[in-house]
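>>> Generate a structure from the sequence data that follows.
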Amino acid sequence: MSSDIELSVCIPARNEEETIWKTLTALANQLSGDKTFPTHLYEVLVLCNNCNDHTVELCKLFQELNPGFPFYIHITNNPAINNVGAARRVLMDLASERLTDTGLIIMTDADTIADKNWLDSFLKFQTEPVDLICGQIIPDTKGLNADAKKNLFENRHYLDLVSRLESEIYPQQSDPWPRHSHNSGPNMAVRNSVYKKIGGIPPIACLEDIALYQKVISYGYHIKHAMEPIVTTSCRSSSRVQGGFGSQIQNWSASKTENVEGYDKLRERFTAFAEVRQYYSQPSEELLNSIVHRLNIQKQTLRSLIEEHHSSNSLVIYLENFLKDHSPWNAAHPNINIAEAIHELEDHFSVFSQTSKIYSSARSELSSLKRLE
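Numbers count the residues shown, from 1 in each chain. Here you go, the predicted model:
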């Protein structure tokens, strides 16, 4: 380990001969302002995992042609490392051993292109009181049909509106609006000390990035959805795991839309989460009754959950997952078509903006009158 290293970039790669060269090129040409990003501050770790194409050869050639690039290749044909979560776990554990506790373990993918100031954007958070940084992810839509593009951007617009509503009702001090809604593997960094304390990334086949994100929140650490750093990632429709981004692209390409939480359902959920947070600091029967009513759960069930979870963050993450399959909740608040949900949320923010403008105008007029008196 070099004591100077602040950032360790981890890239799992399995049969990525078509994209890995561009990914590495972007990382080898990072800037800090208008100067080359200092190579002693970072390293790039690639795990060539059970590859049977030319990924390994291309990585070795890139290393040979770029001797000053801090790039380390790890090759495995271990059948136990049979999914992206397991591969990320191997890399991130290795990075954790090489970094100081304050260093950042950065996740990205072998089909992802980092912005030229990507590393510099992460480095700026090194001294900030934040433990997990989620960067923006721009989809490369080349090759997608019109339906896939429409559904992709509709989904992203919806998630951004949801994030804005959450910021309004259930705000997080470390993650205020404006922010984005992305929290996935192509662009995420976790502080090494936090990675160790939460027991690392779960080595699961799908959504391991979301599981890491939820673990960090459950433990009470601070999240930041930063507008920078930025990456561009591919939108390949050949899904490598069921339930991943590729599966979504397949559905969108086939004109399959999805039902989502509408404004009323989101408002009830976020308000209940805000009340959960308040209950942990100032418990009251009134708050307990309100949470029970909003989420359609039994009071004794809620009491038991509060006893089981050491913090409001932990309980909120549990409830987020629990409510997805909680029949009384979903019967009371059925999901609706995403276009309808977007319309409801846009209506809300339109009214909210108008109210704010009227309030500001009234205050301005009142100030003017007082000056004339």
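>>> Can I take it that residue 106 is in a strand?
Yes. Judged by DSSP: H, G, I helix; E, B strand; the rest coil, residue 106 forms part of a strand.
>>> got a pLDDT number for it?
On pLDDT, residue 106 comes in at 98.
>>> what does stretch 10-25 contact?
44-55, 58-59, 62, 66, 69, 71, 84, 87-88, 91-92, 94-95, 105-114, 234, 240 (CB atoms under 8 Å, 6 or more residues apart in numbering). Any C-beta I mention is one placed from the backbone N, CA and C, and that applies to glycine too.
>>> any idea where the helices of the stretch 1-150 of the chain begin and end?
Counting by DSSP state H, counting those that start in this stretch, the stretch 1-150 of the chain has these helices, from start to end: 20-28, 55-65, 84-98, 118-123, 146-169.
>>> wait, I meant the stretch 201-350 of the chain
Under DSSP H, counting those that start in this stretch, the stretch 201-350 of the chain gives helices at 208-218, 245-253, 263-281, 285-295, 299-308, 312-323, 327-332, 338-372.
>>> Including mean pLDDT and mean neighbour count, could the ones you listed go into CSV?
Formatted as CSV, the helices of the stretch 201-350 of the chain follow (pLDDT from 0 to 100; neighbours: other CB atoms under 10 Å):
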stretch, mean pLDDT, mean neighbour count
helix 208-218, 96, 21
helix 245-253, 58, 19
helix 263-281, 98, 19
helix 285-295, 98, 16
helix 299-308, 97, 13
helix 312-323, 97, 18
helix 327-332, 97, 13
helix 338-372, 66, 12
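>>> Export those to JSON lines and append columns for distance to residue 137.
As requested, the helices of the stretch 201-350 of the chain are exported to JSON lines (distance: least, CB to CB, whole Å):
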{"stretch": "helix 208-218", "distance to residue 137": "11"}
{"stretch": "helix 245-253", "distance to residue 137": "10"}
{"stretch": "helix 263-281", "distance to residue 137": "22"}
{"stretch": "helix 285-295", "distance to residue 137": "31"}
{"stretch": "helix 299-308", "distance to residue 137": "33"}
{"stretch": "helix 312-323", "distance to residue 137": "21"}
{"stretch": "helix 327-332", "distance to residue 137": "29"}
{"stretch": "helix 338-372", "distance to residue 137": "19"}
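>>> coming back round to it: filter the contacts of stretch 10-25 down to the buried ones and express that as a PyMOL selection.
Buried members of the contacts of stretch 10-25, defined by 16 or more other CB atoms under 10 Å, are picked up in PyMOL with:
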select buried, resi 44+45+46+47+48+49+51+55+58+59+62+69+71+84+87+88+91+92+94+95+105+106+107+108+109+110+111+112+113+114+234
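>>> how about the helices of the stretch 1-150 of the chain in JSON lines, adding distance to residue 339 and mean pLDDT?
Putting the helices of the stretch 1-150 of the chain into JSON lines (distance: least, CB to CB, whole Å; pLDDT from 0 to 100) gives the following:
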{"stretch": "helix 20-28", "distance to residue 339": "35", "mean pLDDT": "98"}
{"stretch": "helix 55-65", "distance to residue 339": "40", "mean pLDDT": "98"}
{"stretch": "helix 84-98", "distance to residue 339": "32", "mean pLDDT": "97"}
{"stretch": "helix 118-123", "distance to residue 339": "34", "mean pLDDT": "98"}
{"stretch": "helix 146-169", "distance to residue 339": "7", "mean pLDDT": "94"}
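>>> Now the phi/psi pair for residue 182, please.
Main-chain dihedrals, residue 182, degrees, to the nearest 10: phi -90, psi 140.
>>> Who is the closest residue to it other than its chain neighbours paired with across the strands?
Nearest non-adjacent residue to residue 182, counting by CB to CB, 6 or more residues apart in numbering: residue 137, 4.6 Å away. Listed by DSSP bridges, the beta-bridge partners for residue 137 are residue 231.
>>> for residue 36, same thing?
In beta-bridge terms (that is, DSSP bridges), residue 36 pairs with residue 31.
>>> Surely it touches residue 28?
No. Using CB atoms under 8 Å, residue 36 is not in contact with residue 28; the gap is 9.8 Å.
>>> Tell me which of those two has more neighbours.
residue 28 (18 against 12; other CB atoms under 10 Å).
>>> can you pull the contacts of the more buried one?
Residue 28 sits in contact with 62, 66, 69, 71, where contact means CB under 8 Å, 6+ apart.
>>> mind checking how far it is from residue 165?
Distance, residue 28 to residue 165, using CB to CB, to the nearest Å: 40 Å.
>>> and if you look at residue 26?
For residue 26, the distance to residue 165 - CB to CB - is 34 Å.
>>> swap in residue 226?
Between residue 226 and residue 165 the distance is 20 Å, computed by CB to CB.
>>> what's near enough to touch residue 31?
37, 116-117, 120.
>>> are any of those residues buried, and which?
Buried subset of these (neighbour count, 16+ other CB under 10 Å): 37, 117, 120.
>>> Excluding sequence neighbours, find me the nearest residue to the last one.
Leaving aside its sequence neighbours, residue 120 sits nearest to residue 32 (CB to CB, 6+ apart; 4.6 Å).
>>> mind checking how far that neighbour is from residue 119?
8 Å.
>>> neighbour count winner among these two?
Per other CB under 10 Å, whichever of residue 32 and residue 119 has more neighbours is residue 119, with 26 against 15.
>>> Quick check: that one touching residue 39?
No. Counting by CB under 8 Å, residue 119 stays clear of residue 39, with 10.2 Å between them.
>>> follow-up on the earlier one: now that we have the helices of the stretch 1-150 of the chain, can you turn them into JSON lines and tack on distance to residue 323?
Shown next, in JSON lines, are the helices of the stretch 1-150 of the chain (distance: least, CB to CB, whole Å):
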{"stretch": "helix 20-28", "distance to residue 323": "37"}
{"stretch": "helix 55-65", "distance to residue 323": "41"}
{"stretch": "helix 84-98", "distance to residue 323": "24"}
{"stretch": "helix 118-123", "distance to residue 323": "33"}
{"stretch": "helix 146-169", "distance to residue 323": "14"}
